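# Sequence and predicted model, in that order:
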Amino acid sequence: MMNMRDQFSVRENTDIESLKLLRPEWDALWQRCPNATPFQRPEWLLPWVEVFQPPEIWALEVRRDKQLVGLAPLFINHWAPEPVVSTLGAYTSDYLDWLIEPGSPSRIVQSILDYMHADALAADGLELSNVPRGSHLLRSEFLSRWEFEVTPDEACPVLRLPKTTEDLKTIVQNGQFRNLQKARRRAERVGQVQVEVATHHTLDELLEGLMRLHQARWTQVRMPGVLANDAAQEFHYRAARGLLDRGVLRLYGLRLGGVLIGVMYTLAERNVLYCYLQGFDPDYAEFSPGVQMIGAVVEDGVREAKQAVDFLRGREPYKYAWGAQDEPSFRLRAREDMCCSVP
């Protein structure tokens, strides 16, 4: 089914195979979208679809003169209390958005919304979560015309990096620097301290370590943790390989005397380092492995002239101890009757 809007055409993809065929163009479109995050990459979303198998994929592609200029990776979310249209990657992704080429963003988004309005959805409406502040979906003309209900979603604490490590002291709480230095000295008195980043040869070992240590940490407080089920683990095993191939995945490992005591799952994209997940051995808590790993990430970010370290969802106190400030995200809702009221 295709709907024409001037020179723009919209087509839907309803299965994993059609999404895989889009992969080269999808990647090229991602490269042309300056605000895109790793959570919109095909290396992230294709494994998500393969593992979690949403029953009704509804990915809308927009073309102009045969070139892919927009992609709304949607699905009918039957995991919600009532079926709604949501974005692929829901629940595991910290930012969810559409890929819209900068040249004609308003017309591309409007083409997608018009197509959605014309199509009969087997859902109770539209619900888009974790939409970043810079999304084209938050433009006022779309919000008013579609009667979107916009509410704050989970904030992501972000540390804006200075140009030098010395300047970090003006941003990070003084106590946190002391904690970092004390943790490093304490560990060095026990054995050799080594911080490494996963390669293709060490990826499986560090991923297995992440799963094990993350689970150990949450078992101690009698909670399941986000990696408790097999599907979540399988997703990350699949996504990690593709992300490593693209130079996006940075899986930091912290060893003390040769023993792996901490792993941090980080994504390096453009000018930002995203701290997605971590796990550490509770038996080594006195050496503050979490503080040491974040310290390594922050220092790498400054050396590489990155602009920010994004701690992603969750307002845990340790993030603010590093000087992070909340970056908002938003939830967009439109009931079916709202969508159908568009003139």
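Done, it's in.

# From here on, just use CA atoms for contacts and neighbour counts.
Will do.

# what are the ranges of the helices in this protein?
Per DSSP state H, the chain carries helices over the ranges 16-21, 23-32, 42-52, 105-118, 140-145, 174-190, 203-220, 230-245, 289-303, 317-321, 336-339.

# any chance of the ones you listed in TSV, with mean neighbour count and mean pLDDT too?
Output for the helices of the chain, formatted as TSV (neighbours: other C-alpha atoms under 10 Å; pLDDT from 0 to 100):
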stretch	mean neighbour count	mean pLDDT
helix 16-21	14	98
helix 23-32	16	98
helix 42-52	19	98
helix 105-118	18	88
helix 140-145	13	69
helix 174-190	15	93
helix 203-220	19	91
helix 230-245	17	96
helix 289-303	20	97
helix 317-321	15	95
helix 336-339	16	51
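
# Distance to residue 134 for these - can I get that in a markdown table?
Output for the helices of the chain, formatted as a markdown table (distance: least, C-alpha to C-alpha, whole Å):
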| stretch | distance to residue 134 |
| --- | --- |
| helix 16-21 | 25 |
| helix 23-32 | 15 |
| helix 42-52 | 20 |
| helix 105-118 | 12 |
| helix 140-145 | 12 |
| helix 174-190 | 31 |
| helix 203-220 | 32 |
| helix 230-245 | 24 |
| helix 289-303 | 22 |
| helix 317-321 | 22 |
| helix 336-339 | 23 |
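
# Which among those helices is found nearest to residue 78?
helix 42-52 (12.1 Å; C-alpha to C-alpha).

# Can you spell out the domain ranges of the chain, please?
According to automatic domain parsing, the chain comprises the domains 2-153+329-339, 157-327.

# Endpoints of the last one, how far apart?
The straight-line separation of the ends of domain 157-327 (C-alpha to C-alpha, to the nearest Å) is 6 Å.

# what about it, distance to the chain center?
When distances are taken as C-alpha atoms, centre = their mean, to the nearest Å, domain 157-327 is centred 15 Å away from the chain's centroid.

# Over to the first one?
Counting by C-alpha atoms, centre = their mean, domain 2-153+329-339 is centred 15 Å from the centre of its parent chain.

# so who does the residue of the chain positioned farthest from its centre touch?
Here the chain reaches farthest from its C-alpha mean at residue 189, the gap being 37.1 Å by C-alpha atoms, centre = their mean. Contacts for residue 189 (C-alpha atoms under 8 Å, 6 or more residues apart in numbering) come out as none.
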